[in-house]
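K.L.:
Quick one: sequence and predicted model below, then my questions.
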Amino acid sequence: MFQVGQTVVHPGEGLCVVTDIRTEEFVKGCLQEYYLLRPCGIDGGMTVYLPVNQEKIRLRTTMTAAQASSLCETAASAEPVWVENERERQEKIAAVLREGEPIALMRMVQDLRAEQAKRRAIGKKLRHADERALQDATRLLREEMAAVLKIAPSEVKL
């Protein structure tokens, strides 16, 4: 269980701070304990309510500075994300984004950038869905790595 004040990673929202843990009754007669999360990358007071016993969306602790420093090398040996079949690739990309594991995210960024370079060489662009996935994964990784390395997100080299 995470503690109030702890920084965690939510697969969709990225870096968040646990601001409270409390019991709510959002469905009549169903009391449930929730983490209240404040995404670090968003100004304006947005709060995410996530059931403590949630199975589908898993919070995780942030990576360590050592893990962040070696992430590019570690990801190179991970399972490739790029698949030529677009439907299969989009399913694989969605799974990687949903899980939010840093090594898989980094491998996805590497694979998409390699494909982007190949396509640029022949005067083409990445497909829109691939470009969006690249942006999302890059944002998630930069945000987390910047926090653990104590640098600005713009200084993170992926």
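P.N.:
Received it, and whenever you're ready, just let me know what you need.
K.L.:
avg pLDDT for the longest helix anywhere in the chain?
P.N.:
Longest helix in the chain, counting residues (DSSP state H): helix 128-149. Average pLDDT, helix 128-149: 95.
K.L.:
what sits up against it?
P.N.:
Helix 128-149 is contacted by residues 7, 9, 14-15, 40-41, 62-65, 67-69, 71, 86, 89-90, 93, 96-97, 100, 102, 105-106, 108-109, 112-113, 115-116, 125-126, 152-156, 158 when judged by C-beta atoms under 8 Å, 6 or more residues apart in numbering. In short, each C-beta sits where N, CA and C put it, glycine included.
K.L.:
Among those residues, which ones are in helices?
P.N.:
Filtering the contacts of helix 128-149 for helices - DSSP H - leaves 65, 67-69, 71, 86, 89-90, 93, 96-97, 102, 105-106, 108-109, 112-113, 115-116.
K.L.:
Are any of the contacts of helix 128-149 buried, and if so which?
P.N.:
9, 14-15, 40-41, 62-63, 68, 71, 89, 93, 96-97, 100, 102, 105-106, 108-109, 112, 115-116, 126, 156 (16 or more other C-beta atoms under 10 Å).
K.L.:
What are the structural domain limits within this protein?
P.N.:
As recorded under automatic domain parsing, the domains making up the chain are 7-61, 65-155.
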